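Asker: From the sequence below, what's the structure:
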Amino acid sequence: MILLGKFIDRNNEIDYLRNKYGGEKAELIVIYGRRRIGKTYILQRFLQEVGGLYLLAEESENVILDFSERLAEFFNDSFLIENPIRTWRAFFTYLGERAKNERVVVVIDEVQYIVKIHKNFLSVLQKYWDTQLANGKIMLILCGSLVSFMEGIMSYSSPIYGRRTGGWEVKEMHYYDCAKFHNLQRERVIEIYSVFGGVPQYWSDYNPEKGFWENLRDLIIQKGAKYHDEPRYLLKMELRDIARYFSILRAIASGYTTFGKIADKSGIDTNSLGKYLSVLENLNYVEVEYSIGSRRGGIYRIKDNLFNFWFRFIYPHRSEIEMNIDIVPRIKRDFNLYVGERFEGIAKEFLIKMNAEGKLPDIYTEFGRWWHKGEEIDIVAVGEKSLLIAEVKWKDMEEQDIKRIIAKLEKKRLNLPIQRETTYYCVIARKIKNKKLDENILLYDLSDLL
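Answerer: Prediction:
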């Protein structure tokens with residue numbers, strides 16, 4: 001099996017599958033995640049290593065016949081070629097016989113298409129898992145891109161509830177792993193990540209031989225670009241009526257981030273808004289953030305970078321795009337500010353990684369932002385013995401800039417609802433000229449992050 005593109009990171013996912021494969025018992029595993037996140041690459045790489053059968057489902061009445069043909073080819077079964085499987089009962093019976101005494105790995109990808117056409121698929125699987133498959137050595141992996149559906153088949157109401165032996169949500173890659181796709185300057189990596197996030201397919205499609213803005217035109221900005229309507233497409237996959245969700249996301253992207261302001265801007269009644277926001281949170285498109293030390297007055301943010309960029313810069317200018325007006329100059333005016341906002345999340349991710357590696361002055365168990373009456377601290381990390389408070393700047397900084405920021409952080413610290421005997425101050429910037437000031441001051445720039 002040939003894999004196109006680069007296989008980067010995903011060691012945790014591969015190790016997880018290896019451990020499951022190495023056992024003696026039957027395994028029924030659910031792998032899921034949004035489209036283009038790399039699920040198929042992971043599964044095909046795993047099958048390259050251990051051997052097995054990959055079955056890609058389509059929204060077709062004849063999918064069982066397609067699978068039968070693949071089974072006959074894989075097991076070199078001439079009888080099956082002449083007598084194809086026509087029911088799911090026969091399909092699972094056949095797999096049970098083949099995997100009775102030896103490990104057989106079978107991946108069914110895009111399983112949601114099967115269930116849409118064949119409503120009894122999961123019920124039949126449940127019956128044959130209980131009576132036959134669970135007693136053998138099969139490793140059956142159900143994979144899907146419809147996140148809400150895949151979470152549903154793992155829920156209590158699902159026919160296979162209690163049969164599943166494992167589940168893994170494939171999430172976006174970290175910014176530092178995305179940097180491995182192309183040989184690019186550090187600043188460019190952050191800019192690309194601010195637009196495309198950690199979705200491997202987007203990075204794979206980025207052409208390093210072209211300029212940054214030319215890539216954005218080709219991939220997302222201009223009409224007909226591969227990802228020009230990506231957020232609309234992803235939402236339509238998961239949701240029936242996307243109009244209200246569009247109104248909410250547009251409001252948040254425009255800076256209306258509190259519950260009341262989102263309701264006013266989107267025109268959605270406050271009694272209904274919470275339900276829509278909860279759906280977007282569950283799909284990992286939106287997140288709510290509370291000031292550290294508080295659980296009131298949360299601020300909503302678009303978590304997904306591509307969604308954030310699209311609703312901020314593409315969706316509002318769709319009329320101009322339709323008329324072939326170049327909107328890049330408009331985007332450029334605010335792009336540095338936009339990257340600065342996304343850079344805060346990258347800086348937080350960097351500190352969390354440093355914390356996990358034991359490279360910070362304490363072990364910190366909570367990371368968040370703090371704001372109160374117009375004052376704000378970008379990152380507050382709370383440890384047992386100390387606080388670490390950080391300012392994040394998407395700019396080049398001199399020593400006097402750092403000292404000025406530290407002085408402001410010292411004053412803001414006095415208003416924090418959480419105090420510790422020691423406080424460490426931190427500045428994370430695009431570039432810092434002198435990174436040695438004081439033992440209680442931590443200074444990082446892109447040379448440390450990447």
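
Asker: Tell me the buried residues in the helix-or-strand element of the chain with minimal mean pLDDT?
Answerer: Taking mean pLDDT, DSSP states H and E as the measure, the chain has helix 147-153 as its least confident helix or strand, at a mean of 90. Within helix 147-153, the residues that qualify as buried are Val147, Phe149, Met150, Glu151, Ile153, counting by 16 or more other CB atoms under 10 Å. The C-beta positions use only the backbone N, C-alpha and C, and glycine is treated the same way.

Asker: Report the secondary structure state of Val380.
Answerer: Under DSSP: H, G, I helix; E, B strand; the rest coil, Val380 falls in the strand class.

Asker: Would you map the helices across the stretch 201-350 of the chain?
Answerer: Assigned by DSSP state H, counting those that start in this stretch, the helices in the stretch 201-350 of the chain fall at 212-216, 230-238, 243-253, 259-266, 270-282, 305-309, 318-322, 328-356.

Asker: which ones are touching Asp401?
Answerer: By CB atoms under 8 Å, 6 or more residues apart in numbering, the contact set of Asp401 is empty.

Asker: Provide the secondary structure category for it.
Answerer: Classification of Asp401 using three-state DSSP returns helix.

Asker: can you pull out the strands in the protein?
Answerer: Ranges of strands within the chain are 27-32, 53-56, 104-109, 138-144, 166-169, 286-289, 299-302, 364-372, 375-383, 386-397, 422-432, 441-444, based on DSSP state E.

Asker: Reformat these as a markdown table; add mean neighbour count.
Answerer: Listed next are the strands of the chain as a markdown table, based on neighbours: other CB atoms under 10 Å:
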| stretch | mean neighbour count |
| --- | --- |
| strand 27-32 | 22 |
| strand 53-56 | 18 |
| strand 104-109 | 21 |
| strand 138-144 | 25 |
| strand 166-169 | 16 |
| strand 286-289 | 17 |
| strand 299-302 | 19 |
| strand 364-372 | 16 |
| strand 375-383 | 20 |
| strand 386-397 | 20 |
| strand 422-432 | 21 |
| strand 441-444 | 20 |
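
Asker: Export those strands as a markdown table, with columns for distance to Asn11.
Answerer: Output for the strands of the chain, formatted as a markdown table (distance: least, CB to CB, whole Å):
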| stretch | distance to Asn11 |
| --- | --- |
| strand 27-32 | 15 |
| strand 53-56 | 21 |
| strand 104-109 | 19 |
| strand 138-144 | 18 |
| strand 166-169 | 13 |
| strand 286-289 | 26 |
| strand 299-302 | 29 |
| strand 364-372 | 24 |
| strand 375-383 | 26 |
| strand 386-397 | 28 |
| strand 422-432 | 26 |
| strand 441-444 | 25 |
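
Asker: got a markdown table for those strands, with distance to Lys261 and mean pLDDT too?
Answerer: Below are these laid out as a markdown table (distance: least, CB to CB, whole Å; pLDDT from 0 to 100):
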| stretch | distance to Lys261 | mean pLDDT |
| --- | --- | --- |
| strand 27-32 | 33 | 97 |
| strand 53-56 | 44 | 97 |
| strand 104-109 | 41 | 98 |
| strand 138-144 | 35 | 97 |
| strand 166-169 | 31 | 95 |
| strand 286-289 | 13 | 96 |
| strand 299-302 | 9 | 97 |
| strand 364-372 | 15 | 96 |
| strand 375-383 | 17 | 97 |
| strand 386-397 | 24 | 97 |
| strand 422-432 | 29 | 97 |
| strand 441-444 | 33 | 96 |
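
Asker: Now mean neighbour count, distance to Val106 and mean pLDDT too, for the helices of the stretch 201-350 of the chain, in CSV please.
Answerer: CSV is the format used below for these (neighbours: other CB atoms under 10 Å; distance: least, CB to CB, whole Å; pLDDT from 0 to 100):
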stretch, mean neighbour count, distance to Val106, mean pLDDT
helix 212-216, 18, 38, 98
helix 230-238, 17, 25, 95
helix 243-253, 20, 36, 96
helix 259-266, 17, 45, 97
helix 270-282, 15, 29, 95
helix 305-309, 24, 33, 98
helix 318-322, 12, 44, 95
helix 328-356, 16, 35, 97
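
Asker: which stretch among the ones you listed comes nearest Thr40?
Answerer: Taking CB to CB, helix 230-238 is the member of these nearest to Thr40, at 16.0 Å.

Asker: Tabulate the CA atom coordinates of the closest one in PDB.
Answerer: Only the C-alpha atoms of helix 230-238 are listed here, as PDB (Å, rounded to 0.1, in the frame of the first residue of the first chain):
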ATOM      1  CA  GLU A 230     -14.200  24.200   3.900                       C
ATOM      2  CA  PRO A 231     -16.000  25.500   7.100                       C
ATOM      3  CA  ARG A 232     -19.300  25.400   5.300                       C
ATOM      4  CA  TYR A 233     -18.700  21.900   4.100                       C
ATOM      5  CA  LEU A 234     -17.600  20.600   7.500                       C
ATOM      6  CA  LEU A 235     -20.600  22.100   9.300                       C
ATOM      7  CA  LYS A 236     -23.000  20.700   6.700                       C
ATOM      8  CA  MET A 237     -21.500  17.200   7.300                       C
ATOM      9  CA  GLU A 238     -22.300  17.400  11.000                       C
END
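
Asker: Kindly calculate the angle that it makes with helix 243-253.
Answerer: Angle, helix 230-238 to helix 243-253, by axes from the mean of the first three to the mean of the last three CA atoms, to 10 degrees: 140 degrees.
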